[in-house]
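Peer 1: Just to be clear, the model below is a prediction. Sequence and coordinates:
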There are 4 protein chains.
Amino acid sequence: MSGNTFGKIFKITTFGESHGPAIGVVIDGVPPDIKISESDIQHELNRRRPGQSDITSQRDERDIAEILSGVFEGKTTGCPIAIVIRNKDHNSNDYTDIKDVFRPGHADHTFFAKYGIRDFKGGGRSSGRETAARVAAGAIAKQILRDQGISIVAYTLSIAGIRANNIDTSVIEKNPVRAPDLEAAKLMVEKINEARKNNDSVGGVIEAIVHGCPPGLGDPVFDKLTARLSYAIMSIGATKGIEFGTGFEATSMLGSEHNDNLYLDGDKIRSTTNHAGGISGGISNGANIVLRVAIKPTSSIAQTQQSVTVSGKNTSLEIKGRHDPCICPRVVCVIEAMIAITLLDSLLLQKTIS
Amino acid sequence: MSGNTFGKIFKITTFGESHGPAIGVVIDGVPPDIKISESDIQHELNRRRPGQSDITSQRDERDIAEILSGVFEGKTTGCPIAIVIRNKDHNSNDYTDIKDVFRPGHADHTFFAKYGIRDFKGGGRSSGRETAARVAAGAIAKQILRDQGISIVAYTLSIAGIRANNIDTSVIEKNPVRAPDLEAAKLMVEKINEARKNNDSVGGVIEAIVHGCPPGLGDPVFDKLTARLSYAIMSIGATKGIEFGTGFEATSMLGSEHNDNLYLDGDKIRSTTNHAGGISGGISNGANIVLRVAIKPTSSIAQTQQSVTVSGKNTSLEIKGRHDPCICPRVVCVIEAMIAITLLDSLLLQKTIS
Amino acid sequence: MSGNTFGKIFKITTFGESHGPAIGVVIDGVPPDIKISESDIQHELNRRRPGQSDITSQRDERDIAEILSGVFEGKTTGCPIAIVIRNKDHNSNDYTDIKDVFRPGHADHTFFAKYGIRDFKGGGRSSGRETAARVAAGAIAKQILRDQGISIVAYTLSIAGIRANNIDTSVIEKNPVRAPDLEAAKLMVEKINEARKNNDSVGGVIEAIVHGCPPGLGDPVFDKLTARLSYAIMSIGATKGIEFGTGFEATSMLGSEHNDNLYLDGDKIRSTTNHAGGISGGISNGANIVLRVAIKPTSSIAQTQQSVTVSGKNTSLEIKGRHDPCICPRVVCVIEAMIAITLLDSLLLQKTIS
Amino acid sequence: MSGNTFGKIFKITTFGESHGPAIGVVIDGVPPDIKISESDIQHELNRRRPGQSDITSQRDERDIAEILSGVFEGKTTGCPIAIVIRNKDHNSNDYTDIKDVFRPGHADHTFFAKYGIRDFKGGGRSSGRETAARVAAGAIAKQILRDQGISIVAYTLSIAGIRANNIDTSVIEKNPVRAPDLEAAKLMVEKINEARKNNDSVGGVIEAIVHGCPPGLGDPVFDKLTARLSYAIMSIGATKGIEFGTGFEATSMLGSEHNDNLYLDGDKIRSTTNHAGGISGGISNGANIVLRVAIKPTSSIAQTQQSVTVSGKNTSLEIKGRHDPCICPRVVCVIEAMIAITLLDSLLLQKTIS
């Protein structure tokens, strides 16, 4: 109930604080007898970790996943898989200055309001570091989905208003912002560097596409696939909004424009357009699932800001340390992970009614 | 697991199809000894029902809520409250024509893909009629929240691209589109009438504001308040997206602009701006919660559309019957209901840690 | 969370008080396209209702189940099935005398301690009447299990120390105590009548056998089938204990006696004995599931008892009204229902891992 | 859903196999700002571990708990507490002989039927070793309950039919069987030694008493405290039955004998007898909670038994290794742990309605 578990059948429970001994995840409901590649998990963790390029945080967190259970002779057993990632790069001095001050844009004052606790070291449980555990779990979900012909790709669609003009997924991992357009990527990098020089930060939009999702996943009422994906993705820090298919633009369209007309392609039902974004009435329709996520500019900036102390005084602060001027390149794989977890869960749930 | 239940402590389970004997809801986790006003429930149901004005569906559904349990001598007992709303206006002939055809924009083909069943009468379980049950439950949640000083108001911010310029909540119930600006409302009504004349439909944006939410509700990880509200609201039909505070606009802002600086107002922490939309790091911060929801143009239109039959043939169809050319005015109170249910649930959950 | 829902996939939520307008159940997770027999539901409700013979309560509650949703053209749709049973025989005068007094042996004082509410009419939500809703849901579960070759039979093994010597399931419905032995049944009836004449009551042991349960249902850790069945059955009022297979007798046996040795019968693994009661390490092993439940003597007796008033005074009371001198004959089908619900849920859960 | 999580608010998820790298638990829903004693956790783990005396298994498992999260400066933060216990004493050769054989009395063949996997090393996930994780979590629950004046004590009431005549809880930890009667304890030890010499094993009955539980915990319907405690305790391996208060003996009593009459003691409602075992109608009544659990004789015995191989052949086997001839002395603290977890969960749930 305390919100550290996500999913119904394929269910993940994460734990750990940014500056404690370790973070980790217990993954329950994994079907048995599936080959698990540890290098796939490591690959995904590497995509998330800081220090990948000069536009991300320079903290050195080599996240090494240790599998403690649920895998026997290289295959899943059906029992829970626990993965632990040790925390290594504790430079807690970075946090001495802000020990008694709530950082603007962060969960500091709200966490304190909730728990009556000030875990000042790097945000504690509210830190983005928690998402490494999700990425590890997502890596396993991705492997299982891949065997079912389902793949997920996310990329940076825009940063600070600069938008990709082309969607060429082959170049995503070839530029530091993970944009699908190398030209736009250059401009995005410039914007990020400019922000960094000014001790400032920028945000952007991430787009994700799911290929190969069969029709029938999701639910007609509360567990619409749109609803569950929104839940999953909006639980990632720094998200400000989500939209599917035409999204907010749909609000200016006519019904006659927006409805996706249907036709048969062999025995498959297809639509002439994909305004729905692959989900109709909350249930996948077989077309690509398309969604976009708004990411705010990073909250940690080295400028002077006005704030409040734990003991109740107005103050000003400057946040030190090594922070990402733009979190988009790293959040891409977190979004993929949460989509993978949600879809696999829906796929397993669907087995109970068919 | 089948997605007909929402909530953790204050938990609602809805049932019923648009053309079966009844729809209803079981509300569990209601604290005991709270006075329940049946007329408040009826008032909310009346705001949702069709036939309220000439711009909504002319179907005659007088939704009368019957409370079957959980209320004793006018007060809650702590036991589940079951509410049943009988279905009355069965003109099933309206559906004969589409018995074998999947309506574009609807859940027809995806419901069939999921369950192997074609419940052709008015969408069955996928019908928007299900939301009457949510509104009844939300009316109870609202009463309990009101006693805690928490109120929720939603309104039509824009329709077909026409946007309210002023936010005057006192006029919302005084115009048929439930806009907070009577001038804009007139233009919106014109747009809707134009669409109706053309056998077409339009969409819009609903904005909701929560006043009086205390700091500390929500959770730092999966159950961020943003995440749970997104789940709740995106589970309403016709939604295409959701955003909080600055939303998608935040993606073009600098961190130095976006961060809400903090200051003390007596012993309360306030912020100079409310870009966060009342929720920081997934936990309410005491400021107004602000969110916006994209609503697509109604799928049921009386124009000729291309589609596919249950037995697998291409066909064309025209949807008859009495449908809303714009669902925004009626969806306003459904959004309020889902917000109320989510917040009350968060409020009760918070009791377990304090 | 408030404990009115049972199950994970096949999930029932009951509602209603003994003297309110109705009781009922919402059944979620029912697989689609299954033929539902209303007369089967009615048959089970008739087995539970009072007034079946002169040894049960003479209250006239003809429980008529009305299906409100989830069934279309005689078949399940996959959407929740809501069933409502109206309450009819309100003789609330029976309860005037005990309005301010907590009845010994009942939940009256504990319900008050929990909710701060005194719903004095027939026990309110704590009434055994709630089990009619479970029986209705169980009737549906039984139908689905029967199609899978799984059947459940329960019977009165002993009453007031008088134990059946033979287990002949064909005579269970042919005697008023539902014993599997007509000779013993006569003696049991005598004991019950003797208790009734003395304004007293008696208890007994119910045994249940499941035939045809496939191996592999249940779980190795918290959701052992023994654990979930215990949860299900001990949630029925008046239960004092449960045991599986050899049960408490196992505590005096040697391991070499108790272990069921295994052998092959074709490709099926069987055991020479069934001390395990059909469940090994929490998972069904393919043998008959065997369990026994202790039922206490009915709490409502017409003798003078010492008790306490709501306002905090010592008092004495005599309970009037028409009560069962022995609840065993009626609880038989409630136990069957809870077993059916648990097994069907386990069966559907098993689909997610195979 | 896969049954590795227990609880609703105070929720534990265990993981790990007997012969993998580690076992562990994630505890969610722990209230913040509570001092945690690591030595208390260690103390409980020591009570469970093998090798405590010459009547328990001689395996050397020094279970050292490492807390990975959720505790900051010695106090809980409200965030999940993860505890890992490394496995050390891997003598996997012990299992070579039984690699292809299903051990009678164990979950081997049912685990295989469920998952299609043969994790032959020490039972894998089905091993009693998993309960160390529960004991660690229970140690934390006990600390929180103790602050509320609630304490739990369990002891061996009987072994192989030899029953304690006195209940002197001060001697429980002073004899190797954890009996509350030193005289009886001697006889019990003799019985165990006799069984061990014969390569055999014995079972027994554990009784548990809860002191200080306030009235009002539990629920009137599915989540009766009896039901949830049964669920909790029957999920421990080797349990064959459970009973509350008078238990199975109640089935031979008259209602007039069995009902606990009520009286006032100051402003507290008390009962002249405690046949109910502290729980009336599923809700705690303020008296001591009393329950008894049947434990079967240990399944692993060194005698020749008949069984079946994974590949489907009849065979005979002798189980080697160091096994407990009687598990009762070690299961005592597992039962205490599961009671503590259930009660704390009920206590936190109760906060949502008061």
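Peer 2: Thanks, I have it. The structure displayed is predicted, hence computed values, not measured ones.
Peer 1: What is the burial count for the residue in the stretch 1-150 of chain A positioned nearest to chain B?
Peer 2: Among the residues of the stretch 1-150 of chain A, residue A:107 lies closest to chain B, at 2.2 Å counting by C-beta to the nearest C-beta. Placement of C-beta: from N, CA and C, glycine included. Around residue A:107 there are 27 other residues, counting by other C-beta atoms under 10 Å in any protein chain shown.
Peer 1: what's near enough to touch it?
Peer 2: The contact partners of residue A:107, by C-beta atoms under 8 Å, 6 or more residues apart in numbering or on different chains, come to A:123, A:126, B:220, B:280, B:281, B:282, B:283.
Peer 1: can you map out the helices along chain A?
Peer 2: Remark: helices assigned in chain A by DSSP state H are A:38-48, A:108-115, A:131-147, A:182-197, A:225-234, A:255-258, A:328-351.
Peer 1: Return the most buried member of those.
Peer 2: Each of these was scored by mean neighbour count; the highest is helix A:225-234, a mean of 28, by mean count of other C-beta atoms under 10 Å in any protein chain shown.
Peer 1: Check whether it comes near chain D.
Peer 2: No. Contact between helix A:225-234 and chain D is absent, the nearest approach being 15.3 Å (criterion: C-beta under 8 Å from any C-beta of the partner chain).
Peer 1: where does the closest residue to residue A:150 other than its chain neighbours fall, phi/psi-wise?
Peer 2: Ranked by C-beta to C-beta, 6 or more residues apart in numbering or on different chains and with sequence neighbours excluded, the top spatial neighbour of residue A:150 is residue A:212, at 4.4 Å. Backbone geometry at residue A:212, expressed as degrees, to the nearest 10, gives phi 90, psi 10.
Peer 1: ok, residue A:212 - how many residues close by?
Peer 2: Using other C-beta under 10 Å, residue A:212 has 14 other residues around it.
Peer 1: Quote the end-to-end distance of stretch A:103-114.
Peer 2: 16 Å (C-alpha to C-alpha, to the nearest Å).
Peer 1: For the stretch 201-350 of chain A, which residue gets nearest to chain B?
Peer 2: Counting by C-beta to the nearest C-beta, the stretch 201-350 of chain A gets nearest chain B through residue A:281, at 2.2 Å.
Peer 1: for that residue, phi and psi?
Peer 2: Comment: the main-chain dihedrals of residue A:281 come out as phi 60, psi 30, following degrees, to the nearest 10.
Peer 1: Distance check, it against residue C:334.
Peer 2: Distance check for residue A:281 against residue C:334: by C-beta to C-beta, to the nearest Å, it reads 38 Å.
Peer 1: about what we covered before: residues touching the residue of the stretch 201-350 of chain A closest to chain B, list them.
Peer 2: With contacts defined as C-beta under 8 Å, 6+ apart, the neighbours of residue A:281 are A:220, A:224, B:106, B:107, B:108, B:110, B:111, B:123, B:126, B:237.
Peer 1: Of all the helices of chain A, which one is nearest residue B:69?
Peer 2: Each of the helices of chain A was checked against residue B:69 via C-beta to C-beta, and the shortest separation belongs to helix A:225-234, namely 27.9 Å.
Peer 1: and that closest one, anywhere near chain B?
Peer 2: Yes. Legend: contact between helix A:225-234 and chain B by C-beta under 8 Å from any C-beta is shown at A:226, A:227, A:228, A:230, A:231, A:232, A:234.
Peer 1: I'd like the distance between the closest residue to chain C within the stretch 201-350 of chain A and residue D:162.
Peer 2: With distances taken as C-beta to the nearest C-beta, the stretch 201-350 of chain A approaches chain C most closely at residue A:348, which sits 4.6 Å away. As defined by C-beta to C-beta, residue A:348 lies at a distance of 49 Å from residue D:162.
Peer 1: what does residue A:247 give?
Peer 2: In this view, residue A:247 and residue D:162 are 73 Å apart by C-beta to C-beta.
Peer 1: Over to residue A:76?
Peer 2: When distances are taken as C-beta to C-beta, residue A:76 and residue D:162 turn out to be 45 Å apart.
Peer 1: Residue A:217 contacts residue A:348, correct?
Peer 2: No. Shown here, residue A:217 and residue A:348 do not form a contact pair, counting by C-beta atoms under 8 Å, at 10.0 Å.
Peer 1: Run through the strands of the stretch 151-300 of chain A in chain order.
Peer 2: With strands called from DSSP state E, counting those that start in this stretch, the stretch 151-300 of chain A shows them at A:151-159, A:162-163, A:204-211, A:239-244, A:262-265, A:268-271, A:279-280, A:283-284, A:289-295.
Peer 1: so which of the ones you listed is the most packed in?
Peer 2: Scoring the strands of the stretch 151-300 of chain A by mean neighbour count under mean count of other C-beta under 10 Å gives strand A:279-280 as the most buried, with a mean of 30.
Peer 1: got a list of contacts for that strand?
Peer 2: If you take C-beta under 8 Å, 6+ apart as the criterion, strand A:279-280 is touched by A:218, A:224-226, A:244-245, A:260, A:285, A:289, B:105-107, B:109-110.
Peer 1: before we move on, what about stretch A:41-49?
Peer 2: For stretch A:41-49, the external contacting residues (C-beta under 8 Å, 6+ apart) are A:52, A:61-65, A:83, A:85, A:131-132, A:135-136, A:138-140, A:142, A:173, A:330, A:332-334, A:337.
Peer 1: Check the gap between residue A:219 and residue C:11 for me.
Peer 2: In this structure, residue A:219 and residue C:11 are 13 Å apart, going by C-beta to C-beta.
Peer 1: Settle it for me: which of those two has more neighbours?
Peer 2: residue A:219 (28 against 23).
Peer 1: Enumerate every residue touching the spatially closest residue to residue A:17 that is not a sequence neighbour.
Peer 2: For residue A:17, the nearest residue in space outside its immediate sequence neighbours is residue A:124; the separation is 4.4 Å by C-beta to C-beta, 6+ apart. Taking C-beta under 8 Å, 6+ apart as the contact definition, residue A:124 lies against A:17, A:18, A:19, A:111, D:72, D:77, D:79.
Peer 1: Taking those, tell me the two that lie furthest apart.
Peer 2: Every pair in those was compared (C-beta to C-beta); the two farthest apart turn out to be A:19 and A:111, at 14.2 Å.
Peer 1: In contact with residue A:115, which residues?
Peer 2: Residues counted as contacts of residue A:115 (C-beta under 8 Å, 6+ apart) are B:353, D:32, D:33, D:77, D:78, D:79.
Peer 1: Just the buried ones out of those residues, please.
Peer 2: B:353, D:32, D:77, D:78, D:79 (16 or more other C-beta atoms under 10 Å in any protein chain shown).
Peer 1: ok, for the third one, nearest residue in space, not its chain neighbours?
Peer 2: Spelled out, it's residue D:77. Residue D:77's closest residue in space is residue A:117 (C-beta to C-beta, 6+ apart), at 5.1 Å.
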